[in-house]
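Enquirer: Fold the following.
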Amino acid sequence: MKRNHLAWKHLVVGIILLFVGTCIIPSIAESAPVQNDTTPMTMLAPKVPTAGTQKQSVKSPIVPSKSTRADTSGSWEQQAKLLASDGSAGDNFSSLGISVSGETALIGAWSDDDAGVNSGSAYVFTRTGATWTEQAKLLASDEAAQDAFGWCCDIEGDTALIGAAGDDLLKGSAYVFTRTGDTWAEQAKLIAADGAAGDQFGYCVHLSGDTAIIGANCDDDKGFDSGSAYVFVRTDTTWTQQTKLVAPDGASMDSFGGEVSISGDTILIGSCFDDDNGFDSGSAYVFVRTDATWTEQAKLLASDGAAEDFFSIYAVSISRDTALIGAAGDDDNGEVSGSAYVFIRNDTTWTEQAKLLASDGVAGDSFGGAVSISGDTALIGAGGGDDNGADSGSAYVFARTGTTWAQEAKLIASDGSDGDIFGWDVALDGDTALIGAEWDDDNGANSGSTYVFTNEGENQPPVAAFSWTPQNPTMHQPIAFDASASSDPDGTITTYEWDWNNDGVYEESHTTPTTIYTWLQPGAYPVTLKVTDDDAATTVITKTVNVNGTIAFSLDITGGFGVKAVIKNNGTLNATIINWKFTLTGGSILFGETKEGTILSLAVGAKVTVKDVPIIGFGKTTIKLDVSCAEGQSTTKSATGTVVLFFVLRVK
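Expert: The predicted structure is shown next:
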């Protein structure tokens, strides 16, 4: 019975090879999924949604309207659709080989034929703003036909890891590429130290820093196709095998290593044909590293696992202390409707935190056939979903708050159609999701595509702020207002509106943040700024601008016994701290050459007399009076007169 599953598994791998003897493994291009009438549950091929009349009788294809998509996608929106620049029919662009890290996506096309039939390739795309462009096409330096290079991929920062499970008669290999600037170069080819033909080393790969985990799901250490996984580490630019991992209780046909994931010093390895909860119920293993030694920490089983659930069926993902494991064969929402399980680690103990089901799941969806987790967000593929037609596919986003998981969005392709199997593979990094549609036909039949979705979240309102110059303006003085300190945390500000007289009417509207305004009378004026962002959210802020009047001093200098002057405030603003000073130059001034003082305040229209007495001297002199105040106003007046002993005569 397990051999039937293995045959189907090899069908999905889709690598055309002739083995010694009579065994021929057909390619997936030649063998579409076919329902098995005698053993219907064997139809759950890894990553392949169930097709046929049985499923169609459960639910008819529904093509949703745009408004339906908006309702079901929550805050996630499709940002781009990625296609290979030289894609062609049968390339299987995306397959099981998609990964995203920050602004870079890596997508495999294992059936590309650049170096021979099914030699394979991988494409790098980068994002600038919201625009994705193809940066490079990667090929193995020694690539050959049937290598299936690009069957699986992972990227972290400037390092890409690409599996080639068909290399060397299915012995398999994996390649490391690194980026310098915009240029990618092959850094290493990794092979298992004890690899053998048929092991399929490179069937799945994953990276974390300088550590790579590579699955070999058909290795035979614990029995035929029991499976294994290898850990490689990088020192500078050199990669070495650190260890080989096998399930301590592994058995023939378990397919241990069919999917792998690593986070720091923790590795999660799927074994989807394990039988602990019944035939092909599936399991997953956790290994941890101390220094350079890896040990098994836990074996994870679904609490309600049952035969042919295919728990971990090439669908495991780990993020720190949280593991996400798919079970595409689970039947909670109908036969092969699928599910996914969340496990969390406390110290060294793993417990099941939640079982996730699609809110609208039905038979044949294969929900859980692909999973990815990033922090508190889980992305789960359902390649058998029918929203855009039979097996058009879908994907679901779940988010965790505290210890509770809730469905946040359902994602479907904007142009999805029958048989695209959107959700065949998924990848998640922060608020960016990649979803593969291996059998999309944009570049020819089954050429494949990948969709990018981003989590826009609920629009955050803009922040309004403004200042003005001068800080203490006066009437009739142009005042420069500047709102460039305003910002929008998740977009851009599109308009700046100004209300100058507190009447609720915005007299000015600009797309730029600066403007000039003048008041003709002194007073305290509330100024309101309203900013609007590119999602029509607005924020209002009001500040009071104190517009000062003017201070205008008039000075009247007279003589007599010494010198005196009348200082009058002819302005519209009270003056404070008025400093005055007499200075006499010329003639022979023996005493009283200078005299100064301070007046605490001088109201509008008020006047005060200041004196320079006594003065002793002779001759013609120039009398200068300087007056200034705390408000910044200053005035000077000069007069001439003749000093005769104590008197100053003929002042004019």
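
Enquirer: residues contacting F343?
Expert: F343 is in contact with L300, T322, A323, I325, W350, T351, E352, Q353, counting by C-beta atoms under 8 Å, 6 or more residues apart in numbering. Heads up, the C-betas are built off the backbone N, CA and C, glycines and all.

Enquirer: Name the nearest residue to the second one, sequence neighbours excluded.
Expert: Closest residue to T322 apart from its sequence neighbours, by C-beta to C-beta, 6 or more residues apart in numbering: I344 at 5.4 Å.

Enquirer: Quick check: phi and psi on the one you found?
Expert: phi -130, psi 150 (degrees, to the nearest 10).

Enquirer: so it bridges to which residues?
Expert: T322, T351 (DSSP bridges).

Enquirer: Tell me how many other residues surround it.
Expert: 16 (other C-beta atoms under 10 Å).

Enquirer: which residues sit in contact with it?
Expert: I344 touches D321, T322, A323, W350, T351, Q353, counting by C-beta under 8 Å, 6+ apart.

Enquirer: Just send those back as CSV, with pLDDT and neighbour count too.
Expert: Shown next, in CSV, are the contacts of I344 (pLDDT from 0 to 100; neighbours: other C-beta atoms under 10 Å):
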residue, pLDDT, neighbour count
D321, 96, 14
T322, 97, 20
A323, 97, 28
W350, 98, 19
T351, 98, 12
Q353, 97, 16
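
Enquirer: count of neighbours near T454?
Expert: 17.

Enquirer: hmm, I was thinking of S75
Expert: For S75, using other C-beta under 10 Å, the count is 14.

Enquirer: any idea how far the residue nearest the centre of the chain lies from D91?
Expert: Nearest residue to the geometric centre of the chain (C-alpha atoms, centre = their mean): D431, 4.4 Å. Going from D431 to D91 by C-beta to C-beta, to the nearest Å gives 29 Å.

Enquirer: same question, I493
Expert: Counting by C-beta to C-beta, the gap from I493 to D91 is 44 Å.

Enquirer: Roughly how far does A105 sit from A370?
Expert: Relative to A370, and taking C-beta to C-beta, A105 is found at 16 Å.

Enquirer: buried stuff in stretch 264-283?
Expert: 266-275, 277, 280-283 (16 or more other C-beta atoms under 10 Å).

Enquirer: nope, stretch 226-241 is what I meant
Expert: Quick answer for stretch 226-241 (16+ other C-beta under 10 Å): S226, G227, S228, A229, Y230, V231, F232, V233, R234, W239, Q241.

Enquirer: Over to stretch 348-366?
Expert: 350, 352-358, 360-366.

Enquirer: hmm, back to that, in strands, which of the buried residues of stretch 264-283 appear?
Expert: T266, I267, L268, I269, G270, S271, S283 (DSSP state E).

Enquirer: leaving aside the residues next to it on the chain, what's closest to the first one?
Expert: Translated: T266. V288 (5.4 Å).

Enquirer: where in the chain is pLDDT low?
Expert: 1-74, 457 (pLDDT under 70).

Enquirer: Let me see the domain layout of it.
Expert: Listed domain ranges for the chain are 2-43, 53-455, 467-547, 553-649 (source: automatic domain parsing).

Enquirer: what sits against the closest residue to Y341 other than its chain neighbours?
Expert: Distances taken as C-beta to C-beta, 6+ apart place I325 nearest to Y341, at 5.0 Å, with adjacent residues excluded. Counting by C-beta under 8 Å, 6+ apart, I325 makes contact with 268, 270, 284, 300, 302, 311-312, 315-317, 340-341, 343, 371.

Enquirer: Would you verify that I325 is located in a helix?
Expert: No: applying DSSP: H, G, I helix; E, B strand; the rest coil, one finds I325 to be strand, outside a helix.

Enquirer: What distance do you get for it to N346?
Expert: Counting by C-beta to C-beta - I325 and N346 are separated by 18 Å.

Enquirer: That's all I had, so thanks and see you.
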